[in-house]
Each structure stands twice: as structure tokens, then as C-alpha cells.
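Chemist: Got a predicted structure here, sequence first:
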Amino acid sequence: MNDPLDLRDVLADEIVQRRESGYAVDVLAAEAAPALVPGGPSPRPFLDRLATLERHPSWRYEEPTDAAAVRGLGRAPRGESPPDHDVLYDRILAAWQGRAVGCTLGKPLEGLSPSDVERYLERAGVDRIDDYLPGVDGLGPDVTLLWRDAVRGRIDGVPRDDDIDYTILALHVLEEHGRGFHADDVAAEWLDHLPLMRTYTAERAAYRNLVNGLRPPATAEVDNPYREWIGAQIRVDAYGYVSPGDPASAAELAHVDASVSHVANGVYGARWAAALVAAGFTSRADTAVRVALQTVPSRSRFAQSIGGVLAAYGDGATWEVAHRRIVERHAHYHFVHTLPNAAVVAAALLWGGDDFTRTVELAVRGGWDTDCNGATAGSAFGAMYGTNAIPSHWLEPFGDVVHSALADFELPRLSELARRTWRLAVTR
């Protein structure tokens, strides 16, 4: 399922994507049904027809992808002076550490619904998540723990994960091409360093398009029904690390990277995540979440999703109530769509406060793309509070070592990655 290399999957997922984006697809979907089964007609004519559909006149959102149009529908957040150099290095290191911890904590539960996460925790005898999770079997045929190298007692270094690979690769893009890099530069670094089968959904579709000779932004648009999923949101924290106190600049860098594989809300997730981290160096969660939201169109579904979380927080709702509202509003989306997962991240930061363990617990407990959500929440928290706020037991299994699938980047160290990032941040 959701395989960009199988046109039947692409057609099925494109029908869903178009329906979620305001297109009337039901008649065409019925006609295309025979093409979704092995031995049926080619999906190609139906994909071509889907691309010609017009949005329903009642569609009320404004969701462009062009950077200038996006800026025109949002606001440019005001910049703040970053911390001094020593404090900044500590915060950048903490952001890398928080990202690694949150990602590792969430890896075993990736893809589980919120209710399945609670089933897992109950069977594991876990009330509050205050350490890495134990391995648990017997949850039923529909529930599988995917990442056994990320359970308690088996962690040896930061486990390999695309959330970490892309952060390293973004740092490399900045080192090689500077802050004026182009989408073509990002694409070239993917081809040089990123294995195809270590990409997923939108990124794999974009990679396929690159190999077939397309260039951004066509790589994001052609046969890529995953273009509003979470992939771009997980790639861009490094742009926030090198833009401390400058969320507008972080969002613009993230937009360039995201345009290789994503459009509209997929790009907005990247803009928001990078701006969130950048704002975190000079503000706490409630301010950072709001400031980052200024970088996306105010009449987008993304703004509506994060706005709903902020409204619940402002009304004094508990996290449980806020999370229930997130589930009710977003349950029809795929578990790796940008919208539900960004809302979970925002809620984790708001209700987690100055408690790192509580923050990553809520990010993971929220379900869906748990490793991605834990990573982004942990990263933003680290930027806000520094290394002293991350309990040492979370870091001890890593030994400062990071496992990576990237060619030429095997076994880097978190401290080395932080130092390289800091050099870019202080010389911008």
C-alpha cells in the first residue's frame, strides 16, 4: 500500500488526495475501480483525468504553493536577537539530542492509532512514559511493533531513521550550497547520498521523478499523491537551527527544500516546523507555535488545524480533551498526513510545558506518526530549554553515536553535528 512505484497504489491514493483537497472525484473513482486490481486496465488514463479536475466552487481554503503567494497570505514574523554563542551551542546540541530522543521513543509505535497506542501501553504496564518503551507482543494481528532496535535495553546509538537522515542531509546542503541553495541542489544531494529504498511516500515519488528526468517543482506534482503528507515537515529542523530567532528565514529555507516533494499543506508543515524551532531559541512553546503559524496562509487547512489546538489551550482544556478534538477533526486523514501530526506536535509542546519527558510522552502518546512527532517536539523543546532540561537517562543509550543510511555519513556524533550546525548559525 502507498507505494509510489506501483501505479495502482498511486491511483488509489490520488483519488483520496483529490477528494480531501476539494475535488469531486466520486464518478471518476467509480470508473477507475477496475484499474485498482491486478490484471485490470492501466491506471494511467485515470491518473491523467484526475489531473484535469477542477475544484468544487464551495471550496473555502486558500492553499497555494508558490513561495510569494504563500508569503502574501501569511505574515512575516518579527525576528529576535539569538542567544549568545555559548548558550546557542548548548541549545543547538539540545535540539539535536531532543530530536534523537523523541524519534527513538516513538519508533516502536509508528503507525499505531491513538487507541492502539493506549492498548500497547496498558499491555506493557506503562502508565506514564518516562523511559524508552519495552517490547510487547500479542497486541493482535493488526498491530505490529516495527522497530525493535528502539525498545528499552536494545538501543545502541541513535537508531537509523529518516527523521535523522534528513536532518543531517539538510545540514550538508547548507554546508555545501549555503543559505541560497535551490531545490535542484537538494535534489542532487538526495541522489548522491540518499538510498531510494530509505525514502517513503512523497520522497520516493519525487526520487522516482528525479530519476525519470523531472526537476522541481514537477517532482512534487507528477504522480505524487503523498504531496501533502508529513515528509517535508520531518526534514527541515536544521533550517531552524541555523536561523535562531528568525522564524521567517527558517520558513523560507524549509520551503525550498519542501518543494522537491510537496505542495500546499505539505509545504506549510515544513515552513511551520522550521519556524517553530527557530522561534524556540527566543521564546517558549505558546509563543513559538503562534509565531510559526504566521508563516503559512491564514485560510489554509493547516492554519485551521493548529488554530484549533491553540484555541483549546487558550480555553484551558486538558490535553486529553484537546487530543480528542484532534482525533475527531483529523481521523479521516492517513496516519502520515501533515495535518493531524502537526496538531499532535503543537499539543505536545503546549501541554508539555518545561518538562521534556512530558513533552515527548504526549507527542508519542498522540499516536499516528509517532517517531516524527516525537522528533519534532523534542527538537523544538531542546531549542527552547537547552541540555540541562533533558534528563540524562534519555541520552545514555546513544553514546553520542548516530546511525545513518546516508552514503558518506555513517556514525556521525550528535556533538559533532551540533558543532557544525552552530558554526553555520553564528556566521550567517
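Modeler: Great, that's in hand.
Chemist: any chance you could map the strands in the protein?
Modeler: Defined through DSSP state E, the strands belonging to the chain form an empty list.
Chemist: Quickly list the domain ranges of it.
Modeler: 7-50, 67-426 (automatic domain parsing).
Chemist: quick one, which of those is packed in tightest?
Modeler: Mean neighbour count (mean count of other Cβ atoms under 10 Å) peaks for domain 67-426 among the domains of the chain, with a mean of 21. Glycine gets a C-beta too; all of them are placed from N, C-alpha and C.
Chemist: What confidence value was assigned to the nearest residue to Phe46 once chain neighbours are set aside?
Modeler: Of all residues beyond its chain neighbours, the one nearest Phe46 is Ala32 (4.0 Å), with distances taken as Cβ to Cβ, 6 or more residues apart in numbering. Looking at Ala32, its pLDDT reads 97.
Chemist: can you tell me which residues contact Ala32?
Modeler: 11, 15, 43, 46 (Cβ atoms under 8 Å, 6 or more residues apart in numbering).
Chemist: how close does it get to Glu14?
Modeler: 9 Å (Cβ to Cβ, to the nearest Å).
Chemist: what do you get for Thr338?
Modeler: Taking Cβ to Cβ, one finds Thr338 at 17 Å from Glu14.
Chemist: first vs last residue of stretch 217-225, how far apart are they?
Modeler: End-to-end span of stretch 217-225 (Cα to Cα, to the nearest Å): 14 Å.
Chemist: Over to stretch 108-117?
Modeler: Start-to-end, stretch 108-117 (Cα to Cα) is 10 Å.
Chemist: can you check stretch 364-375 too?
Modeler: 9 Å.
Chemist: Identify the residues contacting Leu253.
Modeler: 179, 181, 236, 239, 242-243, 274.
Chemist: and with 7 Å instead?
Modeler: By Cβ atoms under 7 Å, 6 or more residues apart in numbering, the contact set of Leu253 is 179, 239, 243, 274.
Chemist: Please identify which of the residues you listed is nearest to Leu88.
Modeler: Comparing the contacts of Leu253 against Leu88 with Cβ to Cβ places Ser243 closest, at 11.5 Å.
Chemist: hmm, back to that, pLDDT added to the contacts of Ala32, as CSV?
Modeler: CSV is the format used below for the contacts of Ala32 (pLDDT from 0 to 100):
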residue, pLDDT
Leu11, 97
Ile15, 97
Pro43, 97
Phe46, 97
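Chemist: What about those residues, which are in helices?
Modeler: 11, 15, 46 (DSSP state H).
Chemist: where's the last one relative to Leu36, distance?
Modeler: Phe46 sits at a distance of 9 Å from Leu36 (criterion: Cβ to Cβ).
Chemist: Retrieve the pLDDT associated with the nearest residue to Thr376 once chain neighbours are set aside.
Modeler: In this structure, Thr376 finds its nearest non-sequential neighbour in Val345, 4.9 Å apart by Cβ to Cβ, 6+ apart. pLDDT recorded at Val345 is 98.
Chemist: didn't Val345 look like it was pressed against Ala363?
Modeler: Yes: if you go by Cβ atoms under 7 Å, Val345 and Ala363 touch, sitting 6.1 Å apart.
Chemist: so what's in contact with the two at the same time?
Modeler: Common neighbours of Val345 and Ala363 (Cβ under 7 Å, 6+ apart) are 373, 377.
Chemist: just to revisit the earlier point, out of the contacts of Ala32, flag the one nearest to Gly213.
Modeler: Pro43 (20.8 Å).
Chemist: Just give me the longest helix of the chain.
Modeler: Per DSSP H, the chain has its longest helix at helix 85-106.
Chemist: How far off centre is that one?
Modeler: 16 Å (Cα atoms, centre = their mean, to the nearest Å).
Chemist: So Trp272 is in contact with Val291, correct?
Modeler: No: contact criterion Cβ under 7 Å: Trp272 and Val291 do not qualify, at 9.9 Å.
Chemist: which residues are contacting stretch 363-379?
Modeler: 95, 98-99, 101-103, 105-107, 109-110, 112-114, 117, 129, 161, 163, 230, 234, 237, 273, 277, 323, 335-336, 340-341, 344-345, 347-349, 359-360.
Chemist: That one: end-to-end distance?
Modeler: The first-to-last residue distance of stretch 363-379 comes to 12 Å (Cα to Cα).
Chemist: From the chain's centroid, how far away is it?
Modeler: Using Cα atoms, centre = their mean, the offset of stretch 363-379 from its chain centre is 9 Å.
Chemist: Same check on stretch 45-61?
Modeler: Using Cα atoms, centre = their mean, the offset of stretch 45-61 from its chain centre is 26 Å.
Chemist: Repeat that for stretch 63-75.
Modeler: 20 Å.
Chemist: Quick one: residues in contact with it.
Modeler: Contacts of stretch 63-75 (Cβ under 7 Å, 6+ apart): 62, 252, 255, 263-265, 267, 294-301.
Chemist: Other residues contacting the lowest-mean-pLDDT helix or strand in the chain?
Modeler: Of all regular secondary-structure elements in the chain, judged by mean pLDDT, DSSP states H and E, the least confident is helix 114-124 with a mean of 90. Here helix 114-124 makes contact (Cβ under 7 Å, 6+ apart) with 109, 112, 133-134, 136, 139, 143, 327, 365-367.
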